[in-house]
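[1] Pasted the sequence and its predicted model underneath.
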Amino acid sequence: MRPRHIALAVLVAAVWGLNFVLIHIGLDRFPPLLFCALRFAVVAVPAIFFVGPPRVAWRWVLAVGVVLGVVKFGLLFLGMHAGMPAGLSSLVLQGQAGFTALFAAALLRERAGRRRLLGLGLAFAGIALSAADQGLGGPFGAFVLVVLAAVAWGLSNVLTRRAAPPDALRWMVWVSAVPPLPLLALSLLVEGPDADLRALRGVTPAGLGVIGYVGLVSTLFGFVAWSYLLRSYDATAVAPYSLLVPVFGMSSAWLLLGERVTPTAAAAALLVIAGIGITALRPGAMSAVAARLRGSVPRRPAGLAAAPPRPRG
């Protein structure tokens, strides 16, 4: 990857990591389900009037909109509102990589090799370790909600792969148009119209800035930039940079929110990151990168002659 594209990948990971801190701040100003509805409304409106149709069957738009927008983000916001720390949420949510592999094996009949199974085992061991740490230091129910959000994200990844949208921007905009009304209905039912009206009447520039960040910056910019990198390079070159998301998430939560990173949480983070890294990298990828850094050229097998020079002109 070119240096400017590496910088873009790191920037997207930082944007996504900081997103958890902004969600934490937004939950102090809005009820969680209303906040989630506003987040997707900002992404979808007015963009749906300019991007054109999604170019995939509507059943896939509705399915991913419900699973990703209503279930995944609804559970994430509820879990963080119930006391799940922002930094730990950024880590546990990365378990979606393992759940994606499990759903792909069950629904798409994709086979997982030994290397991937080892990576999944390490990642789930890290989640289990963080569960033990959270069980000792915080509400375990909130932890379960974020784990279920990771499960929903894994399912939405498989549904997206099955839908195979040709245009990432159109896809994200139309998927984002699905959740606002169901989330608003759930908010009125669960959180009550009085709480929603108080939050909307008392909205401040800071609250609008949080909604703009989690909607426009984290979702639209982050998703479009990441899709651009995936179109420009092999997925195995881009995917490992997503491992920086919990690094930025936990460090920004520590710096901005004063969240303490316990030794157990740090060990859990290492396990999750190592596990996802093993599943993301293809066999031989690291050795190829090391060879490039050394500036070396792979040796020819013994007994093979060098290729003749190509004629010029």
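    The structure has been received and is ready for your questions. Numbers count the residues shown, from 1 in each chain.
[2] so where's the stretch 101-250 of the chain shaky on pLDDT?
    For the stretch 101-250 of the chain, the stretches flagged by pLDDT under 70 are 110, 112, 133-138, 234-237, 239.
[3] which residues of it fall in helices?
    Taking DSSP state H, counting those that start in this stretch as the criterion, the stretch 101-250 of the chain contains helices spanning 114-137, 140-163, 168-176, 180-190, 193-201, 205-212, 222-232, 235-238, 244-257.
[4] Would you tell me which one of those helices is buried the most?
    helix 168-176 (a mean of 23; mean count of other C-beta atoms under 10 Å). Heads up, the C-betas are built off the backbone N, CA and C, glycines and all.
[5] what's it in contact with?
    The contact list for helix 168-176 (C-beta atoms under 8 Å, 6 or more residues apart in numbering) reads 40, 43-44, 47-48, 51-56, 61, 64-65, 68-69, 160, 163, 165, 219-220, 223-224, 227.
[6] try stretch 92-101
    Contacts for stretch 92-101 (C-beta under 8 Å, 6+ apart): 76, 84, 110, 112, 116, 120, 123-124, 127, 130, 143, 146-147, 149-151, 153-155, 157-158, 242-243, 245-246, 272-273, 275-276, 279-280.
[7] rewinding a little: and the contacts of helix 168-176, which are buried?
    Burial by neighbour count, judged by 16 or more other C-beta atoms under 10 Å, picks out 40, 43-44, 47-48, 51, 54, 56, 61, 64-65, 68-69, 160, 163, 165, 219-220, 223, 227 from the contacts of helix 168-176.
[8] Quick one: list the elements packing against the one helix or strand Ala274 maps to.
    Assigned by DSSP states H and E, Ala274 belongs to helix 263-280. Packing partners of helix 263-280 (3 or more C-beta pairs under 8 Å, 6 or more residues apart in numbering; DSSP states H and E): helix 86-92, helix 96-107, helix 114-137, helix 244-257.
[9] chain center to that helix, what's the gap?
    Distance, stretch centre to chain centre, for helix 263-280: 15 Å (C-alpha atoms, centre = their mean, to the nearest Å).
[10] Equivalent analysis for stretch 166-174, please.
    On the basis of C-alpha atoms, centre = their mean, stretch 166-174 sits 16 Å off its chain's mean C-alpha point.
[11] quick revisit: output the helices of the stretch 101-250 of the chain in TSV; the columns should cover distance to Ile23.
    Putting the helices of the stretch 101-250 of the chain into TSV (distance: least, C-beta to C-beta, whole Å) gives the following:
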stretch	distance to Ile23
helix 114-137	17
helix 140-163	11
helix 168-176	16
helix 180-190	14
helix 193-201	15
helix 205-212	8
helix 222-232	14
helix 235-238	24
helix 244-257	10
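[12] Identify whichever of those helices lies nearest to Pro263.
    helix 114-137 (9.1 Å; C-beta to C-beta).
[13] mind checking which helix or strand the closest residue to Asp196 other than its chain neighbours is in?
    Among residues not flanking Asp196 along the chain, Leu34 sits closest, at 5.1 Å (C-beta to C-beta, 6 or more residues apart in numbering). Assessed by DSSP H and E, Leu34 sits inside helix 32-44.
[14] How many residues are close by Phe49?
    Using other C-beta atoms under 10 Å, Phe49 has 9 other residues around it.
[15] Equivalent analysis for Pro166, please.
    Around Pro166 there are 10 residues (other C-beta under 10 Å).
[16] ok, now how distant is it from Gly52?
    11 Å (C-beta to C-beta, to the nearest Å).
[17] next one: Leu8
    Noted for Leu8: a distance of 26 Å to Gly52, by C-beta to C-beta.
[18] cool, and Leu91?
    For Leu91, the distance to Gly52 - C-beta to C-beta - is 37 Å.
[19] before we move on, what about Leu181?
    Leu181 is 21 Å from Gly52, by C-beta to C-beta.
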